[in-house]
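Participant: structure for the following, please:
(one chain, ligands or ions: 1)
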Amino acid sequence: MHQILILCKIFVLLLMTPNLMVNRHYYLILLLISIMAFAYFMPVLFVFLLCNCDFYTVLVNGRFCKNPEHVTADDFFTSGLNMPGIAFNQFGVTVASANVLTLPGLNTLGISLVRFDYPPYGLNAPHTNPRESEILVVVEGTLYVGFVTSTSAPNEKNRLFSKILHPGDVFVFPMGLIHFQLNVGKTKAVAFAALNSQLPGLNIIANASFGSHPPINDDILAKAFQVDKKIVDYIQSQFESNNY
Ligand SMILES: *[C@@H]1O[C@H](CO)[C@@H](O)[C@H](O)[C@H]1NC(C)=O
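Facilitator: Numbering: from 1, shown residues only. Below is the predicted model:
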């Protein structure tokens, strides 16, 4: 909100400058920035999710609104995170989620929660969650976790930050970065993660690269991964897109 106010003030000042025509481009850029800022901060403008729609249904942030008179405590509630969730990947990891799909009251609030259960050596493979940062706490077992920084500047390296976590240890995966968790113990591991998105999204690097529908041309992947095309074909054959 604060940022939006500042941007509004900048506009007013700009509008009052006599050489506005000269600054036309700056004005357009600022307009774009302000629209983005508004979109970013919009969720805080809603006092609560299920918005005021008395006569017809409206979508807010992609979800249906509900007449406030029909909202109950159950719209702000979900259950079952005391147990392992549903199968999540081929490495035996399961996930139980409290996101906007299971807890409608999260709509526009920008937060959600997951529980992960990892069998011994179970892996949550390198992936990104495009819309969130994630803070994870281990409650049982031992996890090796890490994330890799991006290469946004010419001399910037992809740095790996990793750590072994025990019960009570907390680690944060900054927004958009590739990260992973591996159970390095001989027993199962359990972790909970809070995410600053109502629906964080998931991009598993291996699946997106080698298992897309239809597959990415193997020339491209051979170059990108600096391996022979045969190796790319072999990896692609391990993913579902082969049967597409
Ligand atoms: C990723 O690919 C593997 C191998 O094909 C598959 O078992 C797994 O279900 C895929 N994960 C998702 C989320 O699609």
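Participant: what about T187, distance to Q198?
Facilitator: Separation of T187 from Q198 (CB to CB, to the nearest Å) stands at 33 Å. In this view, the C-beta of every residue, glycine as well, is placed from N, C-alpha and C.
Participant: more neighbours, the two?
Facilitator: Set side by side, T187 and Q198 show more neighbours around Q198, with 25 against 11, by other CB atoms under 10 Å.
Participant: if S97 is in a bridge, with which residues?
Facilitator: The bridge-partner assignment for S97, based on DSSP bridges, gives V114.
Participant: need the pLDDT of it.
Facilitator: Reading off the per-residue confidence, S97 sits at a pLDDT of 95.
Participant: all further residue positions should be reported with the first residue as 17.
Facilitator: That works, and once the first residue is 17, the last one we named lands at S113.
Participant: distance of it from I102?
Facilitator: Shown here: S113 relative to I102, a distance of 9 Å by CB to CB.
Participant: looking at the two, which one has more neighbours?
Facilitator: Comparing S113 with I102 by other CB under 10 Å, the one with more neighbours is S113, at 23 against 8.
Participant: list the contacts of the more buried one.
Facilitator: Contacts for S113 were tallied using CB atoms under 8 Å, 6 or more residues apart in numbering; they are G101, S128, L129, V130, R131.
Participant: what does G184 give?
Facilitator: The contact partners of G184, by CB under 8 Å, 6+ apart, come to V153, V154, V155.
Participant: neighbours of G162, how many?
Facilitator: Other residues near G162 come to 18 when the count uses other CB under 10 Å.
Participant: so it touches I180, yeah?
Facilitator: No: taking contacts as CB atoms under 8 Å, G162 lies outside contact range of I180: 9.9 Å.
Participant: neighbour-wise, which one of the contacts of G184 leads?
Facilitator: Of all these, V154 has the most neighbours under the rule other CB under 10 Å, reaching 24 neighbours.
Participant: residue boundaries of the strands in this protein?
Facilitator: 75-76, 79-80, 102-103, 110-114, 128-134, 139-144, 150-156, 159-164, 176-181, 186-189, 194-199, 205-211, 219-220 (DSSP state E).
Participant: how is the chain carved up into domains?
Facilitator: What automatic domain parsing lists as the domains of the chain is 18-61, 91-216, 227-259.
Participant: got the buried residues for the shortest one?
Facilitator: For domain 227-259, the neighbour count (16 or more other CB atoms under 10 Å) marks G227, P231, I232, D234, L237, A238, V248, I251, Q252, F255 as buried.
Participant: if I look at the second one, how far off is the ligand?
Facilitator: To tie it back to what came earlier, the one meant is P231. P231 sits at a distance of 12 Å from the ligand (criterion: CB to the nearest ligand atom, to the nearest Å).
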